[in-house]
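**Student:** Attaching a predicted model along with its sequence, questions to come.
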Amino acid sequence: MDIFLWAATHAGTAAAILFILNLCFVGVVLLLENREPEKSIGWLLALIAFPIIGFILYLFFGHNWHKQTYQDRRLVHYAMNERKRMAEEDAGQVSDPQAAAFHYFATNASGFRLTKGNAVRILTDAHEKYARMFAELRKAKTSIDVEYFIFRYDRTGLEMINILKQKAKEGVRVRFLVDGMGSLGFGRKAFSDMRAAGIQAHYFAPLITIFFFFKANYRDHRKIVVIDNEIAYTGGINIGNEYLGESRKGFWRDTSLELRGPCVRQFAELFQEAWGRTVGSSAKPDLPRPKHQPEQETVSVIPSGPDTDWLAIHQLYLAMIHGARTRIRIQTPYFIPDESIHAALLNAALRGVDVQIMLPRNPDYAYLRWVANTYLEEILRAGGRVFEYVNGFLHPKVILVDDRIATIGTCNIDIRSFRLDFEVNILTSGSKTVRHLLEDFEHDLGNCEEIDYLEFIDRPLGKRIKESVARLIAPLL
């Protein structure tokens, strides 16, 4: 009581003490995290300028509260020497030395084995994906696992939910997991109706729990559907009418995958990990091994997130850019690289690699393009080429190297995807899939306008200042 009385009568002194303690606490935590100096300094400056707001923002977005916890809950553990042994075996199955090095990395960083005997179908818009996926869902016999960042409770979402309800009534085990922030508008009633129909449905890191601020930094950005442990869907397309072009963005150009074969089991394992994190289960079910497919596609699955030992997808992107000899082609909705990716692209362009970056002219959030422009200017100056997609919204996450190696998945080229969110990509090489992606890129060029460097650098001063300010705060987010 005496302490509270003193604080009430010495409000100014008490506030100063709290401010200093707050600054010291966060300062020590920032130092122990060993993050990039510019980020640490940025957070300290924010705390000095806005003590209360800065502290709250830091709790939500600044500290890796649960990274160690997530790592402790990993369901797939391999000692590093075992990973290296597996990586050597996997790389030995790939005849192209350049591709073998990337597959070696994928196994070593993720712990997932390279698989052969896969069938990969590229799905370039939501109409095609939904038609095929809904048809396969209706044929499910034993299990359906659904994991999405965004799942809208609209006509498209309801169509899928009704299919899931029917399958649950038929005795199919249906598990449904959506991100608590990305699918914020989903609603309790929808969950109640699904559970009443026999669907096991949960939010990942819901916003209404008292522990939310500890998990706010980590979002489940993956898009995974696994049917009967035989078919998997992943890639950039979420569930909602907007992906059918029914929004102000217009036509939605994306890249998703339909997968069959041994790699499907790895997506089933990833879902099981996400499910275990959510419901608090560490069970490891014995998953069946899907049949090999006659297409014989080689696939490495690379997950990334707070539960992985390495920033696996970020490091894969970096390795592919550094390893490129002739050409790099990138399709991404957002372009906010960290300094390592940005420097790698600059170096590639300066050493004569044909660097081509394709992104939408009008992203869903204007400030993201403001930030991107500051990076694109330097890439253009180094000799890279930038294409603006003008036929709607471009949303694929694709990197092609030397027209022989590709990675496709959920991971954007931005700091949040690289360091904070749960993501998953695949790596494939010298395959029909790569040829298909090259054809898609060439086709998309017909719906693009190339940025002229001299016109680009002539942007108004006010716009350039706005872009630079946006870039300054981007690393904090």
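**Tutor:** Right, received. Where do you want to start?

**Student:** give me phi/psi at Gln315?
**Tutor:** phi -70, psi -30 (degrees, to the nearest 10).

**Student:** and it, how far is that from Thr407?
**Tutor:** Distance, Gln315 to Thr407, using CB to CB, to the nearest Å: 12 Å. In this view, the C-beta of every residue, glycine as well, is placed from N, C-alpha and C.

**Student:** so where do the helices sit in the stretch 301-450 of the chain?
**Tutor:** Applying DSSP state H, counting those that start in this stretch to the stretch 301-450 of the chain gives helices spanning 312-323, 339-350, 366-381, 415-419, 432-445.

**Student:** looking at these, which has the lowest confidence?
**Tutor:** Comparing mean pLDDT across these, the weakest is helix 415-419, with a mean of 90.

**Student:** name the helices or strands packed onto it?
**Tutor:** If contacts are counted by 3 or more CB pairs under 8 Å, 6 or more residues apart in numbering; DSSP states H and E, helix 415-419 sits against helix 312-323.

**Student:** Show me what counts as buried in the helix it packs on.
**Tutor:** Ala312, Ile313, His314, Gln315, Leu316, Tyr317, Leu318, Ala319, Met320, Ile321, Gly323 (16 or more other CB atoms under 10 Å).

**Student:** Can you verify my assumption that the fourth one contacts Phe102?
**Tutor:** No - between Gln315 and Phe102 no contact is recorded; they are 10.6 Å apart, counting by CB atoms under 8 Å.

**Student:** ok, back up a step: looking at the helices of the stretch 301-450 of the chain, which one is packed in the most?
**Tutor:** The highest average neighbour count among the helices of the stretch 301-450 of the chain, using mean count of other CB atoms under 10 Å, belongs to helix 312-323 at a mean of 22.

**Student:** got the CA coordinates for that one in PDB?
**Tutor:** Provided in PDB are the C-alpha atoms of helix 312-323 (Å, rounded to 0.1, in the frame of the first residue of the first chain):
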ATOM      1  CA  ALA A 312      15.000 -22.900 -44.600                       C
ATOM      2  CA  ILE A 313      13.000 -21.300 -47.400                       C
ATOM      3  CA  HIS A 314      14.800 -18.000 -47.000                       C
ATOM      4  CA  GLN A 315      18.200 -19.800 -47.200                       C
ATOM      5  CA  LEU A 316      17.000 -21.800 -50.200                       C
ATOM      6  CA  TYR A 317      16.100 -18.700 -52.000                       C
ATOM      7  CA  LEU A 318      19.500 -17.200 -51.200                       C
ATOM      8  CA  ALA A 319      21.300 -20.400 -52.300                       C
ATOM      9  CA  MET A 320      19.400 -20.400 -55.600                       C
ATOM     10  CA  ILE A 321      20.100 -16.800 -56.400                       C
ATOM     11  CA  HIS A 322      23.800 -17.200 -55.600                       C
ATOM     12  CA  GLY A 323      23.900 -20.400 -57.600                       C
END
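
**Student:** which secondary structure elements does that helix contact?
**Tutor:** Looks like helix 312-323 contacts helix 97-110, strand 297-304, helix 339-350, strand 398-401, strand 405-409, helix 415-419, strand 423-429 (3+ CB pairs under 8 Å, 6+ apart).
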